[in-house]
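K.L.:
this is the structure alone, sequence omitted:
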């Protein structure tokens, strides 16, 4: 259950709407769908702003540094991002699993949060020390640039700071405050990078100065964010009596941490191998490809915002039929939202890459290859989260490591054979294989299976939209912004019309209609309050 603070939030405490008739949908399912749907709306806004800020940062750095120095930065940043995924040692997903289970015991909640902060700090210090000690050898084996060691030293400190910010956001997410999580992880973190990058370069600093600006900005966010997270969640971290909680905490977090390490080899070994086997320029091109790919992950990540605590609650109450219905509806909504993004990036990817500079169009084929993995990963929904929320974290850990070894071998061979396209192919295959196996495991362990005939409707609408976009591209015969904007607009309109013609599912209609009605009321109320304020004046 959300804390009182989160529940009192007009939009973070979503409850079913009585004015949306759906007799076949139970109250528990309605509440779960609307909670997850609202989280997706907030998260998608935050994700979109995050991607815009991230893209702006990468654009500014690519233009300010040039291909070689930007490639050095990109490699150092990607190495740091690997550690961002590991520094919490599985404590953030563990917050999602257990905070709502202890909503009647503030002292126990405080111990869980205290363990998350302590674990992140200890692991972060270890990672930072290792990164500093290994910086010289890593530089010699990869980019061989004098700015790499001091940059990676600063990024070592950034690993600790980002880990603490992730705990701030994880607390708010666990109490179902979608806006709080989006504020820290999706808005303030990338905003700190953008301000630091632009500010440092405006003052005449190069790569090392920009890295220093990142560290200063993130330190401020850590200090400001702690009291904000405590106040918004109502949970005060503490370590008194922590031994009684540690065993269960690490029984959940340790396999998730090992699973995350396996995921690094699956999804980020491509970055490492591009740095080792190709050039700094190739690393820069691939970095921009990954920036665009993150746009396609927005629907999945958005619907996964509040799905974990909701799924955990349904599982704890043994409402498996409701959980499966929610899983099916949410997965179909993810597919419905991701298909038009994939179509735009596939048809107009070359034009979009050219915005970063003519050298970056070499990433078009890797981009399209990578998007194949995104489609499969999105089409099966939140398989990884559901395994963790149903206490099958050890099964996921074993699968992650099995596929990590396979992915490393395949990607190494693919990069040697196909260059950048091989890096994307290895990662896409890993994503597709892992998610396919995870959906089978969910059916085997818990009887959860999301697929039915309704999934063909967004795919069919996507084919129609792709045809229109391709026709516009060929008919206008250009690669400029006007062509992309025109094609994307007509394609989106075609997608919506085709989707409506094929028929919208009742649960999809519920989420859209109920949340739209709620937001309209919230907007009218806000405008009414403003009018009253001006009237009083």
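P.N.:
Now that the structure is in, tell me what you want to look at. What you are looking at is a predicted structure, and each value in this text was computed from that prediction instead of being measured.
K.L.:
can you give me the helices in the stretch 401-537 of the chain?
P.N.:
420-446, 456-476, 481-502, 506-536 (DSSP state H, counting those that start in this stretch).
K.L.:
low-confidence ranges in the stretch 401-537 of the chain?
P.N.:
478-479, 528-537 (pLDDT under 70).
K.L.:
which helix or strand contains residue 260?
P.N.:
helix 243-267 (DSSP states H and E).
K.L.:
next SSE after that helix?
P.N.:
helix 269-277.
K.L.:
any idea of the mean pLDDT in that following helix?
P.N.:
For helix 269-277, mean pLDDT rounds to 77.
K.L.:
how far does it sit from its chain's centre?
P.N.:
Remark: helix 269-277 is offset 22 Å from the chain centroid, using C-alpha atoms, centre = their mean, to the nearest Å.
K.L.:
please renumber the chain so that the first residue is 12 from this point on.
P.N.:
Got it, first residue is 12 now, which makes that one helix 280-288.
K.L.:
and the helix holding residue 271, what does it pack onto?
P.N.:
helix 78-97, helix 102-109, helix 117-152, helix 404-429, helix 431-457 (3 or more C-beta pairs under 8 Å, 6 or more residues apart in numbering; DSSP states H and E). For every residue, glycine as well, the C-beta is placed using N, CA and C.
K.L.:
repeat that for 10 Å
P.N.:
Packed against helix 254-278, as judged by 3 or more C-beta pairs under 10 Å, 6 or more residues apart in numbering; DSSP states H and E, are the following elements: helix 78-97, helix 102-109, helix 117-152, helix 280-288, helix 394-400, helix 404-429, helix 431-457.
K.L.:
mind putting the ones you listed into CSV with distance to residue 351 and mean neighbour count?
P.N.:
What follows is the helices and strands packed on helix 254-278, written out as CSV (distance: least, C-beta to C-beta, whole Å; neighbours: other C-beta atoms under 10 Å):
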stretch, distance to residue 351, mean neighbour count
helix 78-97, 27, 22
helix 102-109, 29, 26
helix 117-152, 37, 18
helix 280-288, 26, 23
helix 394-400, 23, 24
helix 404-429, 28, 19
helix 431-457, 20, 21
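K.L.:
ok, which of the helices of the stretch 412-548 of the chain comes nearest residue 355?
P.N.:
Proximity to residue 355 (C-beta to C-beta) singles out helix 492-513 among those, at 5.2 Å.
K.L.:
hmm, who's touching that closest one?
P.N.:
For helix 492-513, the surrounding residues in contact (C-beta atoms under 10 Å, 6 or more residues apart in numbering) are 347, 350-351, 354-355, 358-360, 362-363, 366, 465, 467-489, 491, 519.
K.L.:
a markdown table please, covering the helices and strands packed on helix 254-278 and showing distance to residue 317.
P.N.:
What follows is the helices and strands packed on helix 254-278, written out as a markdown table (distance: least, C-beta to C-beta, whole Å):
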| stretch | distance to residue 317 |
| --- | --- |
| helix 78-97 | 21 |
| helix 102-109 | 9 |
| helix 117-152 | 18 |
| helix 280-288 | 30 |
| helix 394-400 | 11 |
| helix 404-429 | 20 |
| helix 431-457 | 19 |
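K.L.:
of those helices, which is nearest residue 47?
P.N.:
Nearest of these (C-beta to C-beta): helix 394-400, 11.4 Å.
K.L.:
packing partners of the closest one?
P.N.:
Counting by 3+ C-beta pairs under 10 Å, 6+ apart, helix 394-400 packs on helix 102-109, helix 254-278, helix 318-327, helix 331-365, helix 404-429, helix 431-457.
K.L.:
taking the mean pLDDT, what do you get for stretch 52-68?
P.N.:
Mean predicted confidence for stretch 52-68 is 84.
K.L.:
how far off centre is it?
P.N.:
That offset, for stretch 52-68, works out to 10 Å (C-alpha atoms, centre = their mean).
K.L.:
what residues sit buried inside that stretch?
P.N.:
52-58, 61-62, 64-68 (16 or more other C-beta atoms under 10 Å).
K.L.:
now swap in stretch 200-212 and tell me
P.N.:
By neighbour count with 16+ other C-beta under 10 Å, stretch 200-212 contains the buried residues 200, 201, 202, 203, 204, 205, 207, 208, 209, 211, 212.
K.L.:
one step back: any chance of the helices and strands packed on helix 394-400 in CSV, with distance to residue 181 too?
P.N.:
What follows is the helices and strands packed on helix 394-400, written out as CSV (distance: least, C-beta to C-beta, whole Å):
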stretch, distance to residue 181
helix 102-109, 4
helix 254-278, 11
helix 318-327, 10
helix 331-365, 21
helix 404-429, 16
helix 431-457, 22
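K.L.:
wait, which of the ones you listed is closest to residue 87?
P.N.:
Of all the helices and strands packed on helix 394-400, helix 254-278 comes closest under C-beta to C-beta, at 16.1 Å.
K.L.:
to residue 325, which of the helices of the stretch 412-548 of the chain lies closest?
P.N.:
helix 431-457 (11.1 Å).
K.L.:
how much does that closest one deviate in direction from helix 318-327?
P.N.:
Helix 431-457 and helix 318-327 are oriented at 20 degrees to each other (axes from the mean of the first three to the mean of the last three C-alpha atoms, to 10 degrees).
K.L.:
what's the closest of the helices and strands packed on helix 254-278 to residue 325?
P.N.:
Going by C-beta to C-beta, the one of the helices and strands packed on helix 254-278 nearest residue 325 is helix 394-400, 8.9 Å.
K.L.:
who are the neighbours in contact with the residue lying closest to residue 89 once chain neighbours are set aside?
P.N.:
In space, and not counting its chain neighbours, residue 89 is closest to residue 282: 4.3 Å by C-beta to C-beta, 6 or more residues apart in numbering. Counting by C-beta under 10 Å, 6+ apart, residue 282 touches 85-86, 88-90, 92-93, 275, 294, 297-298, 301, 434, 438.
K.L.:
closest to the centroid, which residue in this protein?
P.N.:
For the chain, the residue nearest the mean C-alpha position is residue 312 (4.6 Å; C-alpha atoms, centre = their mean).
K.L.:
so that residue: helix, strand or coil?
P.N.:
Following DSSP: H, G, I helix; E, B strand; the rest coil, we place residue 312 in the helix state.
K.L.:
residues in contact with the closest residue to it other than its chain neighbours?
P.N.:
Leaving out its chain neighbours, the residue that sits closest to residue 312 by C-beta to C-beta, 6+ apart is residue 58, at 5.9 Å. Residues near residue 58 by C-beta under 10 Å, 6+ apart: 51, 193, 196-198, 305-306, 308-313, 316.
K.L.:
for residue 182, same thing?
P.N.:
14, 103, 106-107, 110, 120, 123-124, 127-128, 188, 191-192, 195, 236-237, 240-241, 243-244, 246, 248.
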